[in-house]
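Visitor: sequence below, structure please.
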Amino acid sequence: MIFDREGYSAELYRFLDGRDRDDKKPRAVFISWAKYADKWVYEIPAEAFEHTVSVTYEIQKAEEVRYVQTERTMSKYGKIRTIVIESGADGKRAAIYTNG
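Guide: Residues are numbered from 1 along each chain as shown. This is a model prediction of the structure:
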């Protein structure tokens, strides 16, 4: 499941993650934008962005995007995988949360 605006609900994320199941098998992989990440993403040192990916477009030149994988603690959910990306063009950063 992809949430285009942070779909944060600890109960929903725990359900999708299968935390209520005896076997803990996830029901679905989710990806969600990290709301209110505009401050803490800039606290990550630039040298931490060791990975890159090339994003190609149909109508503009390809862009190299740097990223770092980390984790954050979400209230009522716990630790969650977090991927912070940094645009090569303007250096802006954004983050997503995922259980994938």
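Visitor: residue 56 against residue 65, yeah?
Guide: No - applying Cβ atoms under 8 Å as the test, residue 56 and residue 65 come out as separate, 11.0 Å apart. C-beta coordinates here come from the backbone N, C-alpha and C atoms, glycine included.
Visitor: okay, those two: which has more neighbours?
Guide: residue 65 (16 against 8; other Cβ atoms under 10 Å).
Visitor: secondary structure element for the more buried one?
Guide: strand 63-74 (DSSP states H and E).
Visitor: ok, residue 46 to residue 79 distance?
Guide: In this view, residue 46 and residue 79 are 24 Å apart by Cβ to Cβ, to the nearest Å.
Visitor: what of residue 32?
Guide: 15 Å.
Visitor: so for these two, which residue has more residues nearby?
Guide: The neighbour comparison of residue 32 against residue 79 (other Cβ under 10 Å) goes to residue 32, with 22 against 9.
Visitor: and the pLDDT at that one?
Guide: Looking at residue 32, its pLDDT reads 89.
Visitor: what about the residue at the greatest distance from the centre of the chain, which SS state?
Guide: Going by Cα atoms, centre = their mean, the residue of the chain most distant from its centre is residue 22, 26.7 Å out. Look at residue 22: counting by DSSP: H, G, I helix; E, B strand; the rest coil, its state is coil.
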